[in-house]
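A.B. asks: let me see the structure of the following:
(one chain, ligands or ions: 2)
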Amino acid sequence: MSTFQLEQTYSNFINGEWVKAASGKTDASINPANRNEVVGHVPASGVEDLNQAVAAAKAAAKSWRKLTGAERGNFLFQAANVLERRANEVAEAMTREMGKTFPEAKGETMRGVAILRYYAGEGMRKTGDVIPSTDSEALMFTTRVPLGVVGVIAPWNFPVAIPIWKAAPALIYGNTVVLKPAQETAVTAAKVLECFEEAGLPAGVLNLVCGKGSVIGSAMAEHPDVNGITFTGSNEVGKRVGAAVLSRGAKYQLEMGGKNPVIIAADADLDLAVEGTISGGLKSTGQKCTATSRVIIERKVYDAFKEKLLSKVEEIRLGDGMSGESWMGPCASEGQLNTVLSYIQKGQDEGAILLAGGNRPDSPELAEGFYVQPTVFEGVKSHMSIAREEIFGPVLALMPVDSIEEAIELANDSDYGLSASIYTQNVGSMLSFIRDMDAGLVRINAETAGVELQAPFGGMKMSSSHSREQGQAAIEFFTAIKTVFVKS
Ligand SMILES: NC(=O)C1=CN([C@@H]2O[C@H](COP(=O)(O)OP(=O)(O)OC[C@H]3O[C@@H](n4cnc5c(N)ncnc54)[C@H](O)[C@@H]3O)[C@@H](O)[C@H]2O)C=CC1
Ligand SMILES: O=C(O)CCC(=O)C(=O)O
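C.D. replies: Numbers count the residues shown, from 1 in each chain. Ligands and ions are numbered 1, 2, ... in the order given. Modelled structure (predicted):
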């Protein structure tokens, strides 16, 4: 049972208190499934609100870093328990704010719970190594220290999992945090913060400041007291954030776009491959950085695969994510819908052939939502915009090839390198793909999307700053190594 209530007014969470933006201004967060529904009112904060949050985080850092990892872990375990208890409410906020279906939103919320428990346990694990010194009377070892205050700039597409997979490792390794969520999903972020509050996290350790990216995000990147920034979002903004943080000598981590390919080999299990292509490309309305967008098919099975794919795409039910009938919800915002529609138009203008979808649905009950039909193109050439640029929508581009070598070459013909998958039964093809595919995640007989919280996540080329998030890899960003030499 969800206790979520519409049209509440939310505040920033600074130094353990819920406070309005100093200007008193708010933005309405609306439901992309029905633009007339106001999900909640969220603060439209200014730089002075951010400054207060950073000051609170800086003050709290002194005592937070002195706690043992186990003590910090206990707070994360408590937050996980509260989030688990409130999972329906948080998931409903997410579905209403950004449109993904309720089962997907619930799954993501439970992933947040699992991430919190995973990092709670990290508080008890080793943080250094003993290294033999050339001096027989000395002890030399490494230890790790927190960065200090970490700024989290999060997107709207995973409004629970991404803030948690950034904030939880930051906290367990002794940092304090200021979270700037995407304004589109600030209600969901406030719900997550309520869970930490209920868990009794000390004041100032985790703060929330909602507002425009161009105001709060960029001020955070430039703030002299923010020692590290972890960002997920577009390439354009990511590069700007990275440059601003680098110029003042702080640390940054960027996770950005993808143009993820799936290769369908002639020996693939085609039913499995169709299922993985649809799930990888169209779940969450294609709004995942790991979403499948290029479908590279060996010519021998091109027609058979296409036919099976199109018949499954036709069965997809669009609708409000809160309805059990819906398989695919709307785009997260009107801006995102317009971006997707403009790519569909560009695809046609550049000569690709539309096989399915391509428009907004015509049913009257979907007219007030930001819906677009699941869309499939063929005749897509590598130079076309729909083969090169991240669309972040439910659009698949089919591309035939004559061999696995050509498939891998085409798959690598991209500025991005986040995730890639191949469907094949042949061990040789699997090994070539693992070796030659330039992507941070390579997946065999599995869809491109869906990362596991205990494994490193990140991309090659333009997809990331070459760092990795999640799993034990997170310690590399959220701490600095100290080499200690001791002699009596
Ligand atoms: N890699 C991923 O998971 C994501 C990729 N995207 C890509 O980005 C495109 C645009 O989506 P947006 O929401 O506009 O992404 P965005 O990059 O503008 O937003 C991501 C985060 O950055 C903040 N931000 C915006 N401008 C900023 C600035 N100047 N300085 C610091 N922070 C700033 C936003 O408020 C949000 O919290 C999508 O179509 C998609 O291609 C978007 C969201 C997630
Ligand atoms: O595929 C996933 O589970 C994660 C995707 C992701 O990190 C993103 O879209 O930002």
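
A.B. asks: list the buried ones in the helix or strand Asn74 falls within?
C.D. replies: Using DSSP states H and E, Asn74 sits in helix 69-85. Residues 69, 72-76, 78-84 are the ones in helix 69-85 that count as buried (16 or more other CB atoms under 10 Å). All C-beta atoms are positioned from the backbone trio N, CA, C, and that covers glycine.

A.B. asks: put together TSV for those, with pLDDT and distance to Val149 on each row.
C.D. replies: Below are the buried residues of helix 69-85 laid out as TSV (pLDDT from 0 to 100; distance: CB to CB, whole Å):
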residue	pLDDT	distance to Val149
Gly69	98	19
Arg72	98	16
Gly73	98	20
Asn74	98	22
Phe75	98	17
Leu76	98	18
Gln78	98	22
Ala79	99	19
Ala80	99	23
Asn81	99	27
Val82	99	24
Leu83	98	24
Glu84	98	28
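
A.B. asks: how about Glu222, what does it touch?
C.D. replies: By CB atoms under 8 Å, 6 or more residues apart in numbering, Glu222 lies in contact with 244, 248.

A.B. asks: actually Ala304, not the one I typed
C.D. replies: Leu270.

A.B. asks: likewise for Ser133?
C.D. replies: Here Ser133 is in contact with 139-140, 485 (CB under 8 Å, 6+ apart).

A.B. asks: rerun that using 10 Å as the cut-off
C.D. replies: If you count contacts by CB atoms under 10 Å, 6 or more residues apart in numbering, Ser133 has them with 139-141, 485-487.

A.B. asks: stretch 237-257 and ligand 1 in contact?
C.D. replies: Yes: counting by CB under 6 Å from any ligand atom, ligand 1 is contacted by stretch 237-257 at 237, 240-241, 255-257.

A.B. asks: part of a strand, is Lys300?
C.D. replies: No: counting by DSSP: H, G, I helix; E, B strand; the rest coil, Lys300 is not found in a strand; it is helix.

A.B. asks: pull up the gap between the closest residue to it other than its chain neighbours and ligand 2, please.
C.D. replies: Distances taken as CB to CB, 6 or more residues apart in numbering place Ala266 nearest to Lys300, at 4.3 Å, with adjacent residues excluded. Plainly put, Ala266 is 27 Å away from ligand 2 if you go by CB to the nearest ligand atom, to the nearest Å.

A.B. asks: where's the helix holding Asn74 relative to the chain centroid, distance-wise?
C.D. replies: Offset of helix 69-85 from its chain centre (CA atoms, centre = their mean, to the nearest Å): 22 Å.

A.B. asks: now do stretch 257-276
C.D. replies: With CA atoms, centre = their mean as the basis, stretch 257-276 stands 22 Å off its chain's centre.

A.B. asks: on that earlier part again, just the buried residues of the contacts of Ser133.
C.D. replies: If we count by 16+ other CB under 10 Å, the contacts of Ser133 have these buried: Met140.

A.B. asks: near ligand 1, from the contacts of Ser133?
C.D. replies: Within the contacts of Ser133, nothing lies near ligand 1 by CB under 6 Å from any ligand atom.

A.B. asks: for ligand 2, state which of the contacts of Ser133 is nearest.
C.D. replies: Phe141 (34.6 Å; CB to the nearest ligand atom).

A.B. asks: what about the closest one, is that helix, strand or coil?
C.D. replies: strand.

A.B. asks: sorry, back to before: for whatever helix or strand comes next after the helix holding Asn74, C-alpha coordinates in PDB please.
C.D. replies: Remark: after helix 69-85, the chain's next helix or strand is helix 87-98, criterion DSSP H and E. Output in PDB follows, covering the C-alpha atoms of helix 87-98 (Å, rounded to 0.1, in the frame of the first residue of the first chain):
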ATOM      1  CA  ALA A  87       9.300   1.400  -1.000                       C
ATOM      2  CA  ASN A  88       5.800   1.600  -2.400                       C
ATOM      3  CA  GLU A  89       5.500   5.300  -1.600                       C
ATOM      4  CA  VAL A  90       8.900   6.100  -3.000                       C
ATOM      5  CA  ALA A  91       8.300   4.100  -6.200                       C
ATOM      6  CA  GLU A  92       4.900   5.800  -6.700                       C
ATOM      7  CA  ALA A  93       6.600   9.200  -6.400                       C
ATOM      8  CA  MET A  94       9.000   8.000  -9.100                       C
ATOM      9  CA  THR A  95       6.400   6.700 -11.400                       C
ATOM     10  CA  ARG A  96       4.300   9.800 -11.100                       C
ATOM     11  CA  GLU A  97       7.300  12.200 -11.500                       C
ATOM     12  CA  MET A  98       9.200  10.600 -14.400                       C
END
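
A.B. asks: the stretch 1-150 of the chain: helices as residue ranges?
C.D. replies: For the stretch 1-150 of the chain, the helices defined by DSSP state H, counting those that start in this stretch occupy 47-64, 69-85, 87-98, 102-122.

A.B. asks: in TSV: those helices, plus distance to ligand 1.
C.D. replies: Formatted as TSV, these follow (distance: least, CB to the nearest ligand atom, whole Å):
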stretch	distance to ligand 1
helix 47-64	11
helix 69-85	21
helix 87-98	10
helix 102-122	13
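
A.B. asks: could you dump those helices to a markdown table with distance to Gly459?
C.D. replies: Formatted as a markdown table, the helices of the stretch 1-150 of the chain follow (distance: least, CB to CB, whole Å):
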| stretch | distance to Gly459 |
| --- | --- |
| helix 47-64 | 29 |
| helix 69-85 | 27 |
| helix 87-98 | 23 |
| helix 102-122 | 19 |
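
A.B. asks: highest mean neighbour count out of the ones you listed?
C.D. replies: Mean neighbour counts were compared across these using mean count of other CB atoms under 10 Å; the top stretch is helix 87-98, at a mean of 26.

A.B. asks: what packs against that one?
C.D. replies: strand 26-31, strand 34-43, helix 69-85, helix 102-122, helix 186-198 (3 or more CB pairs under 10 Å, 6 or more residues apart in numbering; DSSP states H and E).

A.B. asks: centre of the chain to it, how far?
C.D. replies: On CA atoms, centre = their mean, the centre of helix 87-98 falls 16 Å from that of its chain.

A.B. asks: next one: stretch 276-295
C.D. replies: Going by CA atoms, centre = their mean, where stretch 276-295 is centred and where its chain is centred differ by 13 Å.

A.B. asks: and it, end to end?
C.D. replies: 11 Å (CA to CA, to the nearest Å).

A.B. asks: what about it, average pLDDT?
C.D. replies: Per-region confidence: stretch 276-295 scores 98 on mean pLDDT.

A.B. asks: that one and ligand 1, any residue contact?
C.D. replies: Yes: using CB under 6 Å from any ligand atom, we find that stretch 276-295 touches ligand 1 at Cys289.

A.B. asks: how about that stretch, does it reach ligand 2?
C.D. replies: Yes: using CB under 6 Å from any ligand atom, stretch 276-295 reaches ligand 2 at 288-290.

A.B. asks: ok, Ala332 touching Tyr371?
C.D. replies: No: counting by CB atoms under 10 Å, Ala332 sits too far from Tyr371 to count as a contact (11.5 Å).

A.B. asks: who touches both of the two?
C.D. replies: Joint contacts of Ala332 and Tyr371 (CB under 10 Å, 6+ apart) are 32, 99, 285.

A.B. asks: picking that back up, any idea which of the residues of stretch 276-295 next to ligand 2 has the most stuff around it?
C.D. replies: Greatest neighbour count in the residues of stretch 276-295 next to ligand 2, by other CB atoms under 10 Å, goes to Cys289: 29 neighbours.
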